[in-house]
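Asker: curious how this folds, go ahead:
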Amino acid sequence: MSFERLEGKIKTCGRCLKEISCMANTQQVCACMQLSLRTETLEFLKKTAYDCLCNTCLSEINELVAIKKEASNKLKENIHFYYEDSFLVFKELYHIQRGYCCKSNCRHCAYGFKYAKS
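Answerer: Numbering: from 1, shown residues only. Just a heads-up that it's a prediction; the model follows:
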């Protein structure tokens, strides 16, 4: 069943799960097209499993990609990872700096693969 709003499709942001109206396949301008994303961000997004993202998430990813170059490759707690009990949990910046998805169902996967808590 397809729900339409303003000739766009109702979708869910693949990152924050907020409801969005996608106008990508219409004659109207989609909200995401109003953002100015870095070339590096567009290249990163091509590697992801995301369909549509809200402007907030696109902006946050754009910033993470920008600080990727500035952030040290030396792992820093609360920047690249945090501890949960005795486990190391990697954050989005770590995954972006790594440059690829390992498809291991990581909690903070930057590539759009869902984490299912067991």
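Asker: pLDDT on the lengthiest helix in the chain, on average?
Answerer: The residue-count maximum for a helix in the chain (DSSP state H) belongs to helix 55-70. Over the span of helix 55-70, the pLDDT mean works out to 92.
Asker: and it, how far out from the chain middle?
Answerer: Helix 55-70 sits 9 Å away from the centroid of its parent chain (Cα atoms, centre = their mean, to the nearest Å).
Asker: which residues are in contact with that helix?
Answerer: 13-16, 18, 31-32, 34-35, 37-38, 40-41, 44-45, 53, 92-93, 96-97, 110 (Cβ atoms under 8 Å, 6 or more residues apart in numbering). Every residue, glycine included, has its C-beta placed from N, CA and C.
Asker: ditto for stretch 91-103
Answerer: Taking contacts as Cβ under 8 Å, 6+ apart, the residues outside stretch 91-103 that touch it are 44, 47-49, 64-65, 67-68, 71, 73, 75, 79-82, 106, 108-111, 113.
Asker: filter those down to the ones in strands?
Answerer: Phe81, Tyr82 (DSSP state E).
Asker: which PyMOL command selects the buried ones in the contacts of stretch 91-103?
Answerer: Those of the contacts of stretch 91-103 that count as buried under 16 or more other Cβ atoms under 10 Å are selected in PyMOL with:
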select buried, resi 44+48+64+65+68+71+80+81+106+109+110+111+113
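Asker: one step back: filter the contacts of helix 55-70 to the buried ones?
Answerer: With neighbours counted using 16+ other Cβ under 10 Å, the contacts of helix 55-70 contain these buried positions: 13-15, 31-32, 37, 41, 44-45, 53, 92-93, 96-97, 110.
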